[in-house]
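Undergrad: Predicted coordinates and the sequence they were generated for:
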Amino acid sequence: MPDLTVPIGAVTLKNPVIPASGTFAASYGRVFDLGRLGALVPKTLMPGYRPGHPPNRLTETGGGLLNAVGIPSDGVEAFLTKTLPAYLGWGTPVIVSISADTAAGFAELIAALEGTGIDAIELNLSCPNLEEGGRSFALDPAASAEVVAACRATALPLWAKLSPNAEDIAAVAAASVEAGADALIVANTLTGIAFRRDGRPALANVTGGLSGMPVKPVNLRCTYQVAQKLPGVPIVGCGGIATLQDALDYMAAGASAVAVGSATFSRPLAMPNLIDALATHCTARGIAARDLPRRA
Ligand SMILES: Cc1cc2nc3c(=O)[nH]c(=O)nc-3n(C[C@H](O)[C@H](O)[C@H](O)COP(=O)(O)O)c2cc1C
């Protein structure tokens, strides 16, 4: 068995394959051994109770998925007592994704997560910034940096999850790292719309986030641009990853690890299969996963 561990800053992943937040639940433990994954990532936690958007919240479009789930959340108490315990104890790092409408809201969530046994925090910067008129934090270098800076008091590693909707994602990445982010997830979903045959919007929220195969070239470009701008900053690639070739493409663009989202919906074993394929690939080449070629 080759050495599949990869460092993402201070966190050592068991292998380069982790779940994309919001597309995974601890109940997958009934399908495969969660201890096989590089890390575990629950759905984004928001400070209070939120019902999320009304249905319809998910539709298939052009080979991908369009979702406007709206981050339903039971709030911090329920997360700490019910959700988190199911993720701890698998012998694999736990990365908790958080979001809030204000930078101070992010910092309050982190305070509640200190000392709970988690390994890192993922800052989902895609939430609308209430103090700036509802524009997503991740669209703006200064707004993203404000969130990271507000959270930096923690000793926990901070990963910033960026958006492919940003005009200049490398600038957002640089501002986030300057403010103290240890690693970057590149990236979240691309905004889109789908219509039904009767001409009405397919999603109740009208717009949604496009994921799956169609976003791969976009998020791959984002990964490349961020890696070019910030050599040495660990990147987790995300967007349309399902196969070994997808993972290798993201590594060629500069990622050290990959997050798998939509593929798990159609193939629940997509992640363990990808880990097996990476292991075979590394064995055949006599290399460790951390030595997989990164050409960016
Ligand atoms: C149904 C659904 C729910 C999602 N919820 C979240 C979420 O709560 N937090 C987050 O950061 N990303 C969320 N995402 C985005 C994914 O984590 C991922 O960034 C995106 O889907 C691209 O990866 P993929 O093409 O492999 O799905 C969600 C995606 C989907 C499809």
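TA: Looks like it arrived, so ask away.
Undergrad: separation between whatever residue of the stretch 101-250 of the chain ends up closest to the ligand and residue 172?
TA: When distances are taken as C-beta to the nearest ligand atom, the stretch 101-250 of the chain reaches nearest to the ligand at residue 211, 3.2 Å away. Where C-beta positions appear, they are placed from N, C-alpha and C, glycine not excepted. Look at residue 211 and residue 172: by C-beta to C-beta, to the nearest Å, they are 19 Å apart.
Undergrad: At which residues are the strands of the stretch 1-150 of the chain located?
TA: Using DSSP state E, counting those that start in this stretch, the strands found in the stretch 1-150 of the chain span residues 6-8, 11-13, 17-19, 49-50, 58-61, 64-67, 73-74, 95-98, 120-124, 128-129, 135-136.
Undergrad: Could you tell me which residues of this structure lie near the ligand?
TA: Proximity of the chain to the ligand, by C-beta under 6 Å from any ligand atom, involves residues 20-23, 43-44, 58, 65, 67, 69, 71, 97, 124, 161, 188-189, 211-212, 215, 238-241, 260-263.
Undergrad: Excluding sequence neighbours, find me the nearest residue to residue 147.
TA: Nearest residue to residue 147 in three dimensions, chain neighbours excluded: residue 103, at 4.8 Å (C-beta to C-beta, 6 or more residues apart in numbering).
Undergrad: what's the neighbour count on that neighbour?
TA: 19 (other C-beta atoms under 10 Å).
Undergrad: wouldn't it be in contact with residue 146 here?
TA: Yes: contact criterion C-beta atoms under 8 Å: residue 103 and residue 146 qualify, at 4.8 Å.
Undergrad: if we can go back for a sec, drop anything exposed from the residues of the chain next to the ligand.
TA: Among the residues of the chain next to the ligand, the ones that count as buried by 16 or more other C-beta atoms under 10 Å are 20-23, 43-44, 65, 67, 69, 71, 97, 124, 161, 188-189, 211-212, 215, 238-241, 260-263.
Undergrad: Among the residues you listed, which ones are in helices?
TA: 262-263 (DSSP state H).
Undergrad: what separates residue 232 from residue 10, distance-wise?
TA: The value you get for residue 232 to residue 10, if C-beta to C-beta is used, is 14 Å.
Undergrad: These two: which has the busier surroundings?
TA: Between residue 232 and residue 10, counted using other C-beta under 10 Å, the more crowded position is residue 10 (13 against 6).
Undergrad: what's that one in contact with, if anything?
TA: 120, 157, 182 (C-beta atoms under 8 Å, 6 or more residues apart in numbering).
Undergrad: Enumerate every residue touching the residue of the stretch 1-150 of the chain found nearest the ligand.
TA: Residue nearest to the ligand within the stretch 1-150 of the chain (C-beta to the nearest ligand atom): residue 22, separated by 2.0 Å. Counting by C-beta under 8 Å, 6+ apart, residue 22 makes contact with 43-44, 69, 71, 97, 261.
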